[in-house]
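Undergrad: Turn this into a structure:
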Amino acid sequence: MSIYYAWCQTCDPLKTTQAWTSGNKDVDDCIKKFQLKATSYKNVIEWIPFNKLDNVQKIGEGGFGSVFSATWLDGKRAVPKDEWALTLTQSRTPSCVVALKTLPGSQKNFLKEVEIIHLFYNIEKLVYGITQNTTNDEYLMVFQYANKGSLHEFLLSNFRELNWKSKLKQLVDISKNLIKLHEAEYIHRDFHSDDSIYGVLPYVAPEVLIERLYTLASDIYSFGIIMTEVSTGKPPHYKVEYDEILAIKICNGLRPEFAKGTPECYIQLANKCMEANPSNRPNAYDIRKNLLEWFNILDRDVAYDKNELTILKAFKSADEIIPTLSTELPDYSKDKLTSKLLNFKNLSEPINSSSAELPKIYG
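TA: Take a look at the predicted model:
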């Protein structure tokens, strides 16, 4: 028995696979696969009967499927901390709010998505289980409810309070997750089938818009776009419509701006990620290596050589400029960041335009 986790690795995993069924062998096998791998009571994925979910409300929709909020009547698994107890006990919280996510397409595709969740077990508990809507037989994943909103909303709300050390920490964490996905040869993208491409236009790599083919390098392009958003606190190309005209410009080398004062090393890495030629983009390991190196320099606030001193000074200088930057979004609609079907014609072969090769700065 593990006292810390209130978990017996010998007997508890097997117990969790018993006395329940979803009514579908494939779904049961998928859930039990992860239950047998569980290393703590709180990290067990469950089959959650739909009648245990109350007040189901749609909160989002796009090419990726639909997202709902709901109250889980049973509550999530918990191990109460009692300093006087000799051992920890297995328990549950009171009812709690969770998020439900559907996926368009077949059950096989849904289970493929579920297969990815074990990659994040060592990071945080993201997924509680699987359920099935009894009105339409659609399967849904039951997630931790993130009431802080998206990265975009977080940046808008906290931009002037975030220094570059905090920004780099966010990107280091994202790149760590991306590495795990790439190690599993899984591309972190919106779901698509056949020749249909879904996504938010500025985040989609130009080769995907043309060839309808995702690769690991397509993820790297999207990461580069996120780097520009972390720099400015604003969505990419927010001043224009996300339409075919923008798609044409992206293929011709248009890239988002960076905020005034953004360190040159940061701009160069982001631009490499957004290279028109996928083979010229860095991999997730190299990206994280650079970001982590910069974060560590800022974290210890000490430079050990001239190169580190240059990096430290650049990010310190950038911190001083952050309070002067504008975070206003005139005439901006949140619907622009909703995943949509992308089906554009007459797109040219992606290039790096001469202007795109130079860092773009806004004040």
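Undergrad: I'd like the mean pLDDT over the helix or strand hosting Leu309, please.
TA: Assigned by DSSP states H and E, Leu309 belongs to helix 306-321. Helix 306-321 shows a mean pLDDT of 97.
Undergrad: Name the next helix or strand downstream of that helix, please.
TA: Downstream of helix 306-321, the first helix or strand assigned by DSSP H and E is strand 340-342.
Undergrad: just checking, what packs against that following strand?
TA: In terms of contacts (3 or more C-beta pairs under 8 Å, 6 or more residues apart in numbering; DSSP states H and E), strand 340-342 is packed against strand 197-199. Where you see a C-beta, it was placed from the backbone N, CA and C, and this is true even at glycine.
Undergrad: mind checking how far the strand it packs on is from the chain centre?
TA: Here strand 197-199 is found 16 Å from its chain centre; the criterion is C-alpha atoms, centre = their mean, to the nearest Å.
Undergrad: tell me how far the ends of stretch 225-239 are from each other?
TA: End-to-end distance for stretch 225-239, by C-alpha to C-alpha, to the nearest Å: 15 Å.
Undergrad: How about stretch 13-20?
TA: End-to-end distance (C-alpha to C-alpha), stretch 13-20: 14 Å.
Undergrad: cool, and stretch 298-310?
TA: Termini of stretch 298-310 sit 12 Å apart (C-alpha to C-alpha).
Undergrad: again with stretch 78-89
TA: Separation of the first and last residues of stretch 78-89 by C-alpha to C-alpha is 9 Å.
Undergrad: ok so, going back, which other helices and strands contact the helix holding Leu309?
TA: Packing partners of helix 306-321 (3+ C-beta pairs under 8 Å, 6+ apart): helix 164-183, helix 264-273, helix 284-300.
Undergrad: Just send those back as JSON lines, with distance to Gly23 and mean pLDDT too.
TA: Below are the helices and strands packed on helix 306-321 laid out as JSON lines (distance: least, C-beta to C-beta, whole Å; pLDDT from 0 to 100):
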{"stretch": "helix 164-183", "distance to Gly23": "30", "mean pLDDT": "88"}
{"stretch": "helix 264-273", "distance to Gly23": "45", "mean pLDDT": "97"}
{"stretch": "helix 284-300", "distance to Gly23": "39", "mean pLDDT": "97"}
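Undergrad: If you count neighbours, what's buried in stretch 279-296?
TA: Residues of stretch 279-296 classed as buried by neighbour count (16 or more other C-beta atoms under 10 Å): Arg281, Pro282, Ala284, Ile287, Arg288, Asn290, Leu291, Leu292, Trp294, Phe295.
Undergrad: which residues are contacting it?
TA: For stretch 279-296, contacts defined as C-beta atoms under 8 Å, 6 or more residues apart in numbering pick out 165, 168-169, 171-172, 175-176, 178-179, 182, 216-217, 219-221, 223-224, 265-266, 269, 272-275, 311, 315.
Undergrad: For the buried ones among these, write the corresponding PyMOL selection.
TA: A single PyMOL command selects the buried members of these (16+ other C-beta under 10 Å):
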select buried, resi 165+168+169+171+172+175+178+179+182+216+217+219+220+221+223+224+265+266+269+272+273+274+275+311+315
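Undergrad: And the strands in the stretch 1-150 of the chain, which stretches?
TA: Counting by DSSP state E, counting those that start in this stretch, the stretch 1-150 of the chain has strands at residues 46-47, 53-62, 65-72, 77-78, 91-92, 96-101, 127-132, 139-144.
Undergrad: quick check: angle from the second one to strand 65-72?
TA: Spelled out, it's strand 53-62. 160 degrees (axes from the mean of the first three to the mean of the last three C-alpha atoms, to 10 degrees).
Undergrad: contacting residues around strand 53-62?
TA: Strand 53-62 is contacted by residues 66-73, 95, 98-100, 131, 142, 190, 198, 338-340 when judged by C-beta under 8 Å, 6+ apart.
Undergrad: Tell me the gap between stretch 251-269 and the middle of its chain.
TA: That offset, for stretch 251-269, works out to 21 Å (C-alpha atoms, centre = their mean).
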